[in-house]
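[1] Provide a 3D model corresponding to the input given below.
(one chain, ligands or ions: 1)
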Amino acid sequence: MTEPLSLEDIDVALVEGAADTRWWVDRKCLPLKKSDSRRYVAGYADYDPFVHQEAEDRLGDRVFFRHCSEESFASVLEHLKRAGTQLRTATTDAALKLVVENSEGEVLQDIDAIGGLDDAPVVKLLNTLIVTSLAREVSDIHIETYEAGIEVKYRIHGQLYPATDPLEASIGPRLVSRIKVISDLNISERRVPQDGRFKLVYQGRKIDFRVSIIPAAYGENAVIRVLDNRKSLQSLDRHGLEDIGLEGESLRMIRKAVHAPYGMILVSGPTGSGKSTTLHAAISEINSGHDKIVTIEDPVEYQIPGVMQIPVNEDKGLTFSVGLRSLLRHDPDKILVGEIRDQETARIALQLALTGHLVMSTVHANDARDVLFRLENIGLDRNALFTAVKCIVSQRLIRLLCEHCKVREAGEAAEQAEYIAAGCAQCADTGYSGRTIICEVIEVTDELRAQLSGSPNSREVLAASISPDNNLRASAVRLLRAGLTSRSEIDRVTLS
Ligand SMILES: [Zn+2]
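    Predicted structure coming up:
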């Protein structure tokens with residue numbers, strides 16, 4: 001008997017992976033959800049005992065065949081595709097192309113063809129992780145090896161979420177090997193950390209990935225960082241300093257320094273606090289075409305029209321300091337140095353700031369006060385430093401509540417209302433959607449310089465220069481009061 005097939009009938013978990021889907025579609029049938037503990041499979045072709053046997057082998061269960069119309073089969077497939085879910089991955093494996101560099105430049109290769117298909121399930125697993133990460137705004141994929149098994153997690157807007165159920169321990173080394181294959185790393189080396197990168201073309205856009213592999217107690221752990229140029233470019237279009245969340249007094253001080261003809265602007269914060277976002281927003285504000293703006297970055301995360309951007313390439317000897325020295329020959333006015341982490345880079349950057357250039361950079365330090373001490377510690381002269389530096393920003397990224405599901409806390413008076421995170425389909429059950437920057441700024445004025453040179457305790461002087469209305473906590477509390485974020489989120493970000 002022929003019955004129409006509907007989307008609700010399909011056991012989508014069984015057609016989740018690309019290869020799974022292809023397997024079923026090739027056989028003109030799809031697995032249905034169990035009913036009365038019986039497993040049905042619906043197909044539109046004539047009954048074929050071989051396909052029946054294959055389906056039973058694949059599902060490890062007794063299977064009952066149901067006939068369905070070809071039209072309803074096609075419409076269900078179409079629905080699955082349009083829902084953007086499972087079946088889309090059927091085409092994505094094939095759609096992932098690895099960019100391979102050879103002597104003639106870049107060539108595209110089908111990712112499945114790299115390193116052979118000896119371990120097809122693991123190849124498929126990694127492809128699926130990558131494609132999903134691009135669909136879900138994942139910034140990093142973490143592969144963690146424990147005694148009991150493997151955990152794969154996605155970092156989305158700063159928080160980790162499980163990407164899959166825990167996997168059995170044997171998958172770990174195979175998955176890490178596969179990552180090494182596509183990143184061109186040494187597969188047989190399992191005892192020392194390795195860093196690599198790979199580049200893919202997916203749906204017409206080129207995406208860079210950075211790989212870090214570290215041996216831990218129960219095997220190697222890997223982190224794949226997703227650097228999605230397209231997303232960055234889109235978001236940069238509307239990213240002036242105001243658009244990334246800066247406001248009030250902080251915005252005024254940063255803007256003043258950014259528009260000054262020379263001097264140094266330093267942005268600090270932990271990894272993933274949006275430091276380069278701030279600097280790029282600053283650059284897009286001053287990118288009028290009248291000044292020569294040059295950047296040296298590791299890597300170039302956002303492409304900015306009209307700005308000469310140099311990617312650091314340590315393997316080939318192009319370090320921050322080497323790049324900085326050579327870009328001087330291009331007569332720049334404003335220079336962005338991705339990060340100051342060594343003495344040589346710090347010295348050149350300081351020299352440039354003291355000789356009529358505007359230099360912006362980031363320093364890995366927890367707060368604005370620590371920045372100057374960090375630079376002093378790597379050997380810069382403190383008076384020269386205090387002369388050059390115009391402003392020091394310390395910042396964090398804070399998650400914003402999803403507007404579709406945030407819940408007002410009971411019992412709060414109207415003017416004190418606070419919201420908490422819930423979770424819905426719009427925010428992938430995280431309760432949050434999007435992030436913004438909170439910051440505190442030290443404006444290094446002549447008055448502050450005088451105080452610093454006259455005081456034995458410059459740390460206290462710097463601390464006192466940040467008004468309590470404008471420190472990190474205060475800017476987080478403003479977001480809480482506006483109902484844009486939750487108390488647990490501001491505590492997580494500002495009290496740790
Ligand atoms: Zn939501």
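[2] Residue 400: which element?
    Using DSSP states H and E, residue 400 sits in strand 389-401.
[3] from the chain's centre, how far out does that strand sit?
    18 Å (C-alpha atoms, centre = their mean, to the nearest Å).
[4] do it and the ion meet at all?
    No: using C-beta under 5 Å from the ion, strand 389-401 stays clear of the ion, with a minimum separation of 8.1 Å. Yep, even glycine has a C-beta here, placed from its N, CA and C like the rest.
[5] tell me what that strand is packed against?
    Other elements packing on strand 389-401 under the criterion 3 or more C-beta pairs under 8 Å, 6 or more residues apart in numbering; DSSP states H and E are helix 248-259, strand 263-268, helix 275-286, helix 368-377, strand 432-443, helix 472-481, helix 487-494.
[6] Out of those, which gets nearest to residue 183?
    For those, the distance to residue 183 is smallest for helix 275-286, at 22.8 Å, taking C-beta to C-beta.
[7] where does residue 311 fall, phi/psi-wise?
    Dihedral pair for residue 311: phi -80, psi 130, per degrees, to the nearest 10.
[8] quick one: the nearest residue to it once chain neighbours are set aside from residue 241, how far?
    Of all residues not flanking residue 311 in the chain, residue 300 sits nearest, at 4.8 Å (C-beta to C-beta, 6 or more residues apart in numbering). Note on residue 300: its distance to residue 241, by C-beta to C-beta, to the nearest Å, is 21 Å.
[9] quick one on the thing from earlier: partners of the strand holding residue 400, with directions?
    If you go by DSSP bridges, strand 389-401 pairs up with strand 263-268 (parallel), strand 432-443 (antiparallel).
[10] quick one: it to helix 248-259, angle?
    Interaxial angle, strand 389-401 versus helix 248-259 (axes from the mean of the first three to the mean of the last three C-alpha atoms, to 10 degrees): 130 degrees.
[11] For the helix or strand harbouring residue 57, what is the distance to the chain centroid?
    Residue 57 is part of helix 49-59, with elements assigned from DSSP H and E. Distance of helix 49-59 from the chain centroid (C-alpha atoms, centre = their mean) equals 42 Å.
[12] Using CSV, write out every CA atom in it.
    Extracted C-alpha coordinates of helix 49-59, given in CSV (Å, rounded to 0.1, in the frame of the first residue of the first chain):
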residue,chain,number,x,y,z
PRO,A,49,15.3,-7.9,-1.2
PHE,A,50,19.0,-6.8,-1.4
VAL,A,51,18.2,-3.3,-0.3
HIS,A,52,16.1,-4.8,2.5
GLN,A,53,19.0,-7.0,3.6
GLU,A,54,21.4,-4.0,3.4
ALA,A,55,19.1,-1.8,5.5
GLU,A,56,18.8,-4.5,8.2
ASP,A,57,22.5,-4.9,8.3
ARG,A,58,23.0,-1.2,8.5
LEU,A,59,20.5,-0.6,11.3
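[13] What is the burial count for residue 416?
    Residues lying near residue 416 (other C-beta atoms under 10 Å) number 9.
[14] wait, I meant residue 323
    24.
[15] can you list the domains in this protein?
    2-83, 96-227, 231-494 (automatic domain parsing).
[16] With only the CA atoms kept, save the longest helix anywhere in the chain in PDB.
    Scanning the chain for the longest helix, with DSSP state H as the assignment, gives helix 120-135. Listed in PDB are the C-alpha atoms of helix 120-135, where the atom choice follows Å, rounded to 0.1, in the frame of the first residue of the first chain:
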ATOM      1  CA  ALA A 120      36.200   7.300   6.300                       C
ATOM      2  CA  PRO A 121      34.100   7.700   9.500                       C
ATOM      3  CA  VAL A 122      36.700  10.000  11.000                       C
ATOM      4  CA  VAL A 123      37.100  12.000   7.800                       C
ATOM      5  CA  LYS A 124      33.300  12.400   7.800                       C
ATOM      6  CA  LEU A 125      33.300  13.400  11.500                       C
ATOM      7  CA  LEU A 126      35.900  16.100  11.000                       C
ATOM      8  CA  ASN A 127      34.100  17.400   7.900                       C
ATOM      9  CA  THR A 128      30.900  17.600   9.800                       C
ATOM     10  CA  LEU A 129      32.500  19.400  12.800                       C
ATOM     11  CA  ILE A 130      34.000  21.900  10.400                       C
ATOM     12  CA  VAL A 131      30.800  22.500   8.400                       C
ATOM     13  CA  THR A 132      28.700  22.800  11.600                       C
ATOM     14  CA  SER A 133      31.200  25.200  13.100                       C
ATOM     15  CA  LEU A 134      30.800  27.500  10.100                       C
ATOM     16  CA  ALA A 135      27.000  27.400  10.400                       C
END
